[in-house]
Each structure stands twice: as C-alpha cells, then as structure tokens.
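S.K.: Using only what follows, build the 3D model:
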Amino acid sequence: MTSDSGTQAFLLKLCHAESFRARYLLFC
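M.R.: Numbering: from 1, shown residues only. Now for the predicted structure:
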C-alpha cells in the first residue's frame, strides 16, 4: 500500500511539473 501511495504522489508531482512547463512555454 505504501508503494502505491508513493506512486500516486510521484504521478501527481509529475503532472504538476508538466502543467507548469506547459504554462511556461505558453508565456514564452
């Protein structure tokens, strides 16, 4: 269960990073 929670947190962080990068590219 702990590994699943860690994966969920990792995916959430990755998704947040992707959205931030997309916003950055949009502004540039």
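S.K.: Give me the pLDDT value at residue 1.
M.R.: Turning to residue 1, the model gives it a pLDDT of 58.
S.K.: try residue 20
M.R.: 88.
S.K.: which ones are touching residue 19?
M.R.: Residue 19 makes contact with no residue, according to C-beta atoms under 8 Å, 6 or more residues apart in numbering. To be clear about C-beta, it is placed using only N, CA and C from the backbone, and glycine gets the same treatment.
S.K.: In terms of helices and strands, where is it?
M.R.: Secondary structure from DSSP states H and E places residue 19 in helix 2-27.
S.K.: so how many other residues sit close to residue 14?
M.R.: Residue neighbour count, defined by other C-beta atoms under 10 Å, stands at 10 for residue 14.
S.K.: Against residue 24, how distant is residue 10?
M.R.: 21 Å (C-beta to C-beta, to the nearest Å).
S.K.: can you check residue 7 too?
M.R.: 26 Å.
S.K.: low-confidence ranges in the protein?
M.R.: 1, 28 (pLDDT under 70).
S.K.: so how many other residues sit close to residue 21?
M.R.: 10.
S.K.: ok, now which ones touch it?
M.R.: No contacts exist for residue 21 under C-beta under 8 Å, 6+ apart.
S.K.: try residue 5
M.R.: Here residue 5 is in contact with no residue (C-beta under 8 Å, 6+ apart).
S.K.: Against residue 23, how distant is it?
M.R.: Separation of residue 5 from residue 23 (C-beta to C-beta): 27 Å.
S.K.: And for residue 7?
M.R.: Residue 7 is 25 Å from residue 23, by C-beta to C-beta.
S.K.: can you check residue 3 too?
M.R.: Taking C-beta to C-beta, one finds residue 3 at 31 Å from residue 23.
S.K.: So these two - more neighbours on which side?
M.R.: A direct count of neighbours by other C-beta under 10 Å for residue 3 and residue 23 places residue 23 higher, at 10 against 7.
S.K.: For that one, list the residues it contacts.
M.R.: Residue 23 neighbours (C-beta under 8 Å, 6+ apart): none.
S.K.: And it, how close does it get to residue 17?
M.R.: Residue 23 is 11 Å from residue 17, by C-beta to C-beta.
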